[in-house]
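> Compute the structure for the input listed below.
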Amino acid sequence: MESALTARDRVGVQDFVLLENHTSEAAFIENLRKRFKENLIYTYIGSVLVSVNPYKDLEIYTKNHMERYRGVNFYEVSPHLYAVSDNSYRSMRTERKDQCILISGESGAGKTEASKKILQYYAVTCPASEHVQTIKDRLLQSNPVLEAFGNAKTLRNDNSSRFGKYMDIQFDFKGAPVGGHIINYLLEKSRVVHQNHGERNFHIFYQLIEGGEEDLLRRLGLERNPQQYQYLVKGNCPKVSSINDRSDWKVVRKALTVIGFSEDEVEELLNIIASVLHLGNVQYGGEDSGNACITSDTQIKYLARLLGVNGTVLTEALTHKKIIAKGEELMSPLNLEQASSARDALSKAVYGRTFTWLVNKINASLAYTDDSYKNWSVIGLLDIYGFEVFQNNSFEQFCINYCNEKLQQLFIELTLKSEQEEYEAEGITWEPVQYFNNKIICDLVEEKFKGIISILDEECLRPGDASDITFLEKLEDTVGGHPHFVTHKLADGKTRKVMGRDEFRLLHYAGEVNYNVNGFLDKNNDLLFRNLKEVMCMSENKILNQCFDREELTDKKRPDTAATQFKASLAKLMEILMSKEPSYIRCIKPNDSKQAGRFDEVLIRHQVKYLGLMENLRVRRAGFAYRRRYEVFLQRYKSLCPDTWPNWRGKLADGVATLVKHLGYKPEEYKLGRSKIFIRFPKTLFATEDALETRKHSLGESPQHVLLSLPSPLNLSHIVTICLSHTFHSDTPLQPPRFIKGFIYRHQERCPENEYFLDYVRYSFLMKLRRNLPKNVLDKSWPTPPAALTEASEHLRKMCMQNMVWTYCKRISPEWKHQMEQKMIASEIFKDKKDNYPQSVPKLFVSTRLNGEEINPKVLQALGTEKMKYAVPVTKYDRKGYKARPRQLLLTANCAIIVEEAKLKQRIDYKALKGVSVSSLSDGLFVLHVPSDDNKQKGDVVLQSDHVIETLTKVAICADKINNININQGSITFTVGQGKEGIIDFTPGSELLVAKAKNGHLSVVSPTLFCPGTWEGFHM
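Next up, the predicted model:
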């Protein structure tokens, strides 16, 4: 990253913490503008990534880019989405701690695209198998499905997510994605029945109408014209130039198949989507009495067929309300307004519950099916709405902005926590940081009994004539004195001019927002008349049958309000995020017109404020702007000090101290931690980087710098030839006088007297190297370089090794690769843990230890279609008396089977296998642990194998129990049956002896082995 600082005047700095004037919002925005102008859309604030939507395709998401960021240190490459993705993945793998990536920003800022790019990165770069590839495909294909049903065209974004989404990606011990789980938040159901001018309903309606086959539309009773449907005309925007509904329909249909939807499920799902459109076209007329009646039965006929309900019962439910008074059921007719509201409430309920069913269905297809293995690692992706401030802000914006308050609170807390932890780990004094603690606003919204949500619920539930205005009055009475709350009635004269009488204002961390209370009570209640629920519960549509539970009808408890449900789900989300190591992506849109290259400074200043970026920068810059590990800092800047160039031989901390002393750093400019240098001011780093740039000109022609600029892997002979071209010309005859004079001055700095000799020595070394390059990866020979070529020689040696490894991997056969993979797993389980592991290393694992003739035909017949993956002869020790009996252990895809001659004596499903225990000594005994409450099992199984390392590696792979192989020292406790336990005691000795001891334990004496080097005998 530091290498880009030389161009900072043109392209800005890659990390905002390096801004000299870090408190200036203008400087912050100017840095964004410089980078945006150069198509550099990513910038860091420490480890936080700020992303500006370019509104055009950039060639920065190719597989080559993915490989560039794969496995590379976070700050070694320029800022990118892939750097955050890879950093989270590597942290999960190395630290064994779950991660999460929080993506936030306004609608149109690129949140959904960012989450898709992250999923694509993992799909391409993570290990794969047939099962893993299926999960990868389903993870990727879940996006178009959720976008179709949960996204819509808004004024700000043609593909705006109208729900919040948290997705867990589950990884196995190899780092391969094996499952996923999605939680959705606050779907904007009101969009189903109403859209603002210039906006659309959810994409799926238009995709179905434009892309559906003629036969399908005929069956659903639909016309290929969105203008025919009341729920699609209110925004007056049926078509959008940037959206191809017909093409998207094909993508969605294919995605549903990949995810695992059956044809019947797709048919019933589309029946529901069509029924929502027909509901919108249900027209009411008024009778003389003022009661509503349905004027045409055409829509009712379609609805009855599509929903699988009785048309007459549905008609009555859409025009009447069931009231229970004194235990007696009464049907009360609805007027026109009430009937229209009931119809719209049903449409919203049907669509909202179907969306939840859809998410659950996707989750089922992504679920990791091996219940016995719960130790997967997780990376979570949170793609959630950013802070929203519109001309008219309602209940939805109140919930969204409350969510952002909670996330900001978490963000600052975790940022401060990670900063403090880093300082303490490095032994640097932590200086408390002053920041705005928005807990006061969170409490104002969510506090029990006194918070806005509690007051809203109270108004929704109380008897009498509660209304949106009485809710506002109650707010004034209860929280009127709060410093972050104001209404028209409580405001001063100046504020009253910009506030309506039906509004209240909250002073959020990001600024002031006025909320219009009209509709708050209805949206919070989100009620559906009882008789409409009854109709849906009787539906023959299997999806709706799952969405509308009959227990709702008998449950006397009133369902939680929308705000309370959202508050509870938000609390659970905070728990999830707190349990993980967070990374942050803050998305910004550069203009409202979606134009490439246009940078609207006013709009961007608004987002910088609402995303809390300046507050984040201030916290990050409160101490030291820049910190790097000693080895990284010294490697980059060592050429600036004679004492550290070309190599520093002492402790890294001493080398950095020597370097900064030579550079003239003042004590207040830096601190040395335990493993890192902390630099307080960006100008100190800039001066160092500028000095390095000057120094490079004098070093630019040296072999080392030519070498460092080369790509890898390359043919090493070619690399050496390049180096030779920079040292000595072979066609020049030897000049003894210059050679002798150079020899005399050889220990001095390079000068005219010794340059001929030094070049000749370099040339001789490189020629010798070219003739004697190592032949394979096990050949460790390497000529000793002259002092001036020590660093270049080390780079060449590393490149040589990389090149040979790369060449070797290209030649490796699938069978040998499988052998190596098994050996790596064996190493992970047993290396340095079990005494006889080293002896197993040079011996190849075999596919089976029993051929077909050694297994009884009746056993093979009993196995049926189950394919045997491995078989080995074993000795089984009885649970009572420990008598040794010869057995065979067979491994299939689903279970381990213990065989006695022609009988299948015991079958242990891998799901039921709790773990495997083995001693740390050289014996071959092991115990298969099974659940004690499983009636099919008689207790744990004690076995012995002459090939225990191979056998248990095969068990671990087949059962996916790599992390469940327990290596014990001293003794193993196992279940005999009926709650009783047995014990195996292990002791080292001269020869193997297995017998029952006087104390009733099974005693195993294991021979002590000589342990040579692990890999010597394993020939590649």
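> Tell me who's in contact with Arg162.
Remark: with contacts taken as CB atoms under 8 Å, 6 or more residues apart in numbering, Arg162 is in contact with 150-152, 187-188, 191, 202. For glycine as for every other residue, the C-beta is placed from the backbone atoms N, C-alpha and C.
> State the three-state secondary structure for the residue nearest to Thr295 when sequence neighbours are not counted.
Nearest residue to Thr295 in three dimensions, chain neighbours excluded: Gly285, at 4.3 Å (CB to CB, 6 or more residues apart in numbering). The assignment at Gly285 comes out as strand when based on DSSP: H, G, I helix; E, B strand; the rest coil.
> Show me the contacts of Arg162 that map onto strands.
Filtering the contacts of Arg162 for membership in strands, criterion DSSP state E, returns 151-152.
> What lies in contact with stretch 774-791?
With contacts defined as CB under 8 Å, 6+ apart, stretch 774-791 is touched by 646-647, 703-704, 750, 758, 761-762, 765-766, 768-769, 772, 792-793, 797, 800-801, 804-805, 808, 1020.
> Okay, helices next: where are they in the stretch 601-750 of the chain?
With DSSP state H, counting those that start in this stretch, the ranges of helices along the stretch 601-750 of the chain come out as 601-610, 613-620, 630-637, 652-663, 682-699, 703-708, 716-725, 736-744.
> Looking at these, which one is packed in the most?
Counting by mean count of other CB atoms under 10 Å, helix 613-620 has the highest mean neighbour count of the helices of the stretch 601-750 of the chain, with a mean of 20.
> In the stretch 851-1000 of the chain, where is pLDDT below threshold?
Segments of the stretch 851-1000 of the chain classed as low confidence (criterion: pLDDT under 70) are 934-936.
> Please state the offset of stretch 493-512 from the chain centre?
Using CA atoms, centre = their mean, to the nearest Å, we find the averaged C-alpha position of stretch 493-512 to lie 38 Å away from the chain's own average C-alpha position.
> For stretch 485-498, list every residue counted as buried.
Using 16 or more other CB atoms under 10 Å as the burial criterion, the residues of stretch 485-498 that qualify are 485-488, 490-491.
> cool, stretch 158-177 as well?
Under the neighbour-count rule (16+ other CB under 10 Å), stretch 158-177 has 158-174, 176-177 buried.
> ditto for stretch 84-98
Residues 84-92, 98 are the ones in stretch 84-98 that count as buried (16+ other CB under 10 Å).
> Sort out for me which of those residues are in helices.
84-92 (DSSP state H).
> Compute the number of surrounding residues for the residue nearest to Thr295.
The burial metric for Gly285, expressed as a neighbour count using other CB atoms under 10 Å, is 12.
> CSV please, covering the helices of the stretch 601-750 of the chain and showing mean pLDDT.
Rendered in CSV, the data for the helices of the stretch 601-750 of the chain read as follows (pLDDT from 0 to 100):
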stretch, mean pLDDT
helix 601-610, 90
helix 613-620, 83
helix 630-637, 89
helix 652-663, 93
helix 682-699, 79
helix 703-708, 45
helix 716-725, 47
helix 736-744, 72
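> got TSV for those, with distance to Gln141 too?
As requested, these are exported to TSV (distance: least, CB to CB, whole Å):
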stretch	distance to Gln141
helix 601-610	31
helix 613-620	34
helix 630-637	40
helix 652-663	48
helix 682-699	45
helix 703-708	43
helix 716-725	44
helix 736-744	69
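> Determine which of these approaches Glu458 most closely.
For those, proximity to Glu458 was assessed by CB to CB; helix 601-610 is nearest, at 30.3 Å.
> now that closest one against helix 613-620, angle please.
Angle, helix 601-610 to helix 613-620, by axes from the mean of the first three to the mean of the last three CA atoms, to 10 degrees: 50 degrees.
> mind exporting helix 601-610 as CSV, just the C-alpha atoms?
Once non-C-alpha atoms are left out, helix 601-610 reads as follows in CSV (Å, rounded to 0.1, in the frame of the first residue of the first chain):
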residue,chain,number,x,y,z
GLU,A,601,-20.2,16.6,-3.5
VAL,A,602,-23.3,17.6,-1.6
LEU,A,603,-24.8,14.1,-1.8
ILE,A,604,-21.5,12.5,-0.8
ARG,A,605,-21.1,14.8,2.2
HIS,A,606,-24.6,13.8,3.3
GLN,A,607,-23.6,10.1,3.2
VAL,A,608,-20.2,10.6,4.8
LYS,A,609,-22.1,12.1,7.7
TYR,A,610,-24.9,9.5,7.9
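> rewinding a little: could you single out the nearest of the buried residues of stretch 485-498 to Arg879?
Each of the buried residues of stretch 485-498 was scored against Arg879 by CB to CB, and Phe485 proved nearest at 70.7 Å.
> For the stretch 251-400 of the chain, which residues score under the pLDDT cut-off?
Applying pLDDT under 70 to the stretch 251-400 of the chain flags residues 288, 325-327, 370-375.
> Could you rerun that using 50?
For the stretch 251-400 of the chain, not a single residue meets the criterion pLDDT under 50.
> For it, which segments count as strands?
In order along the chain, the stretch 251-400 of the chain carries the following strands (DSSP state E, counting those that start in this stretch): 284-286, 292-294, 320-325, 328-333, 377-383.
> Which strands or helices does the second one pack on?
What that stands for is strand 292-294. strand 284-286, helix 311-319, helix 336-366 (3 or more CB pairs under 8 Å, 6 or more residues apart in numbering; DSSP states H and E).
> farthest pair in the buried residues of stretch 485-498?
Comparing the members of the buried residues of stretch 485-498, the greatest separation, given CB to CB, is between Phe485 and His488, at 12.4 Å.
> In contact with Leu279, which residues?
Listed by CB under 8 Å, 6+ apart, the contact partners of Leu279 are 231, 299, 303, 343, 346-347, 350.
> Wait, a helix at His194?
No: when three-state DSSP is applied, His194 is found to be coil, with no helix at that position.
> How about it, nearest residue that isn't a chain neighbour?
Using CB to CB, 6+ apart and skipping the chain neighbours, the partner closest in space to His194 is Lys234 (5.7 Å).
> What of Gly982?
Nearest residue to Gly982, sequence neighbours excluded (CB to CB, 6+ apart): Val976, at 4.7 Å.
> From Gly939, how far off is that neighbour?
Using CB to CB, to the nearest Å, one obtains 5 Å as the distance from Val976 to Gly939.
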